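Enquirer: please find the sequence and the predicted model below.
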Amino acid sequence: MDYLLHILILIGIYTILVASLNLAWGYAGLLSFTHAAFAGIGAYGTALLLMRLGVNFFPALLAACLLAGLLGALLAGATARLGGDYFILAVLGFQIVATAVFLNWVDVTRGPFGLYGIPKPMLFGHPLLATWQYLALVVACTGLVVALIHRIVTLPFGRTLRAIREDEVAVRVLGKDVAGAKVIVFAVSAGCAALAGGLYAHYYTYVDPFIFDIHESILLATMVVVGGASLRGSLVGALVLLLFPEALRALNVPGEVTAYLRQILYGALLFLFMLVRPQGLIAERAS
């Protein structure tokens, strides 16, 4: 039973990550390979505030989300005039810098050794030690993020995002504030990713820089491609790519073989879906 609850917790955390990336990429057309960096900011920020300063989990998580949102807004503001490949390369640079900071700022992050012994969240003075308790927390956070993103994309602002995705130049000609829209959507996307990172850190009670490197950002992008540019697609993409390694484990495939097969699968799915079904399993119109 605990194993099933563990899988559900992972699905919830990754649904937050994929849905937030879908907001920036699927709806606004801002392809970002830096989403794992924002999750890392949430993980390290929440853990450090709690372990070093004694801040309660929930204020620490909120502070980490605000920090990631601020950095996301600054990044989007600095790259607002860039488009296509130039934007992708610019935000990719942020991912590389963030990974380098996690890895080399040893006095704070403990570098490659990571942070361990991260305490479980406290709610009304009681730690959430049971797996089902943590699942309830993750489900609540996932519901809040999905509701927020659904609200954003169904407002007139959401139509502006879709228009930017389809033809940014035309939106500028119509007098819309394209740069402002990019800043807002990237800030919300980064803040939600940090929320997922904080939940991840306090669930596993350990984080290291390699969890939030470029490979994780590529995995999240693959989940978006497989699932499709919709909130339902975010859940489906997370389900498909999380359950495959678990299926291999159930078949007693050795761990080292599973790692290689997983990378091959991710690359193959990314290639095939971009070639055959770029709209993903659940297209936007089905959301």
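Expert: Received the coordinates, thanks. Since we're looking at a predicted model, the values are computed, not measured.

Enquirer: low-confidence stretches in the protein?
Expert: Segments of the chain classed as low confidence (criterion: pLDDT under 70) are 83-84, 248-259, 284-287.

Enquirer: in the host helix or strand of Val169, what counts as buried?
Expert: Using DSSP states H and E, Val169 maps to helix 168-173. Using 16 or more other CB atoms under 10 Å as the test for burial, helix 168-173 gives 168, 171. Where C-beta positions appear, they are placed from N, C-alpha and C, glycine not excepted.

Enquirer: tell me, how many residues neighbour Val178?
Expert: Counted with other CB atoms under 10 Å, the neighbours of Val178 add up to 20.

Enquirer: over to Leu4?
Expert: 10.

Enquirer: and the next helix or strand past the helix or strand it falls within?
Expert: Leu4 belongs to helix 2-22 when assigned by DSSP H and E. Downstream of helix 2-22, the next assigned helix or strand under DSSP H and E is helix 35-53.

Enquirer: elements contacting the next helix or strand after that following helix?
Expert: Using DSSP H and E, the next helix or strand after helix 35-53 towards the C-terminus is helix 57-79. If contacts are counted by 3 or more CB pairs under 8 Å, 6 or more residues apart in numbering; DSSP states H and E, helix 57-79 sits against helix 35-53, helix 85-104, helix 178-204.

Enquirer: so which bits of helix 57-79 are buried?
Expert: With burial defined by 16+ other CB under 10 Å, the residues of helix 57-79 counted as buried are 57, 60-65, 67-69, 71-73, 75-76, 79.

Enquirer: same question for stretch 96-107.
Expert: Under 16+ other CB under 10 Å, the buried positions of stretch 96-107 are 98-99, 101-103.

Enquirer: and the furthest pair within the residues you listed?
Expert: Comparing every pair within the buried residues of stretch 96-107 by CB to CB identifies Ala98 and Leu103 as the most remote, at 9.5 Å.

Enquirer: ok, so of the buried residues of helix 57-79, who is nearest Asn22?
Expert: The closest of the buried residues of helix 57-79 to Asn22 turns out to be Gly72 (CB to CB; 14.9 Å).

Enquirer: list the contacts of that closest one.
Expert: Gly72 is in contact with 38, 186-191, counting by CB atoms under 8 Å, 6 or more residues apart in numbering.

Enquirer: same thing with Leu241?
Expert: Counting by CB under 8 Å, 6+ apart, Leu241 has contacts 219, 222-223, 226, 265-266, 269.

Enquirer: give the helix, strand or coil label for it.
Expert: Following DSSP: H, G, I helix; E, B strand; the rest coil, we place Leu241 in the helix state.
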